[in-house]
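**Q** Predicted model and sequence follow; I will ask about them next.
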Amino acid sequence: MRLRVIAIAVVLAGCASKSGVVEGPNGTLTVERFGTSLLATVGELNRQAMQAAVDHCGTLGKQVRVIDARATAAVGGYPKAVVVFTCQ
């Protein structure tokens with residue numbers, strides 16, 4: 001039973017791929033999270049992307065200001081979440 005719980009945790013932890021924070025036009029920043037399995041949920045990817053934005057601004061001693069947040073669950077594909085933000 002314990003091995004099954006560990007195996008499930010490993011599978012769920014591997015359900016998302018991430019990009020680092022990327023600089024965009026006009027001082028905006030973008031972070032993305034991609035599902036890498038059918039177990040990945042749009043909600044979880046969106047939460048991870050938002051947390052990455054908050055964490056990035058926190059390391060700069062600033063607060064996040066979200067400009068755009070999109071999450072898509074493509075039919076026949078894996079879900080994706082994108083957050084565009086600035087640090088203030």
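**A** The structure has been received and is ready for your questions. Numbers count the residues shown, from 1 in each chain.

**Q** does residue 50 count as helix, strand or coil?
**A** Here residue 50 is recorded as helix under DSSP: H, G, I helix; E, B strand; the rest coil.

**Q** Retrieve the pLDDT associated with residue 37.
**A** pLDDT for residue 37: 79.

**Q** Tell me how many other residues surround residue 40.
**A** 23 (other Cβ atoms under 10 Å). Yep, even glycine has a C-beta here, placed from its N, CA and C like the rest.

**Q** Helix, strand, or coil at it?
**A** Assignment for residue 40 (three-state DSSP): coil.

**Q** what residue ranges in the protein score low on pLDDT?
**A** Within the chain, the stretches with pLDDT under 70 are 1-16, 74.

**Q** distance of the spatially most central residue of it from residue 38?
**A** For the chain, residue 49 is the residue whose C-alpha lies nearest the centre (Cα atoms, centre = their mean; 2.6 Å). Residue 49 is 19 Å from residue 38, where distance means Cβ to Cβ, to the nearest Å.

**Q** Likewise for residue 79?
**A** For residue 79, the distance to residue 38 (Cβ to Cβ) stands at 9 Å.

**Q** thinking again about what came up before, enumerate every residue touching the residue nearest to the centre of the chain.
**A** By Cβ atoms under 8 Å, 6 or more residues apart in numbering, residue 49 lies in contact with 31-33, 69, 81-83.

**Q** got it, and residue 30?
**A** Per Cβ under 8 Å, 6+ apart, neighbours of residue 30: 19, 21-22, 24, 82-85.

**Q** do residue 63 as well
**A** Each residue near residue 63 by Cβ under 8 Å, 6+ apart is listed here: 57, 87-88.

**Q** which phi and psi does it have?
**A** Here is the backbone geometry of residue 63 (degrees, to the nearest 10): phi -110, psi 150.

**Q** Over to residue 58. Which of the three states is it?
**A** Secondary structure, three-state DSSP: residue 58 is helix.

**Q** and it, how many neighbours does it have?
**A** Here the number of neighbours of residue 58 (other Cβ under 10 Å) works out to 12.
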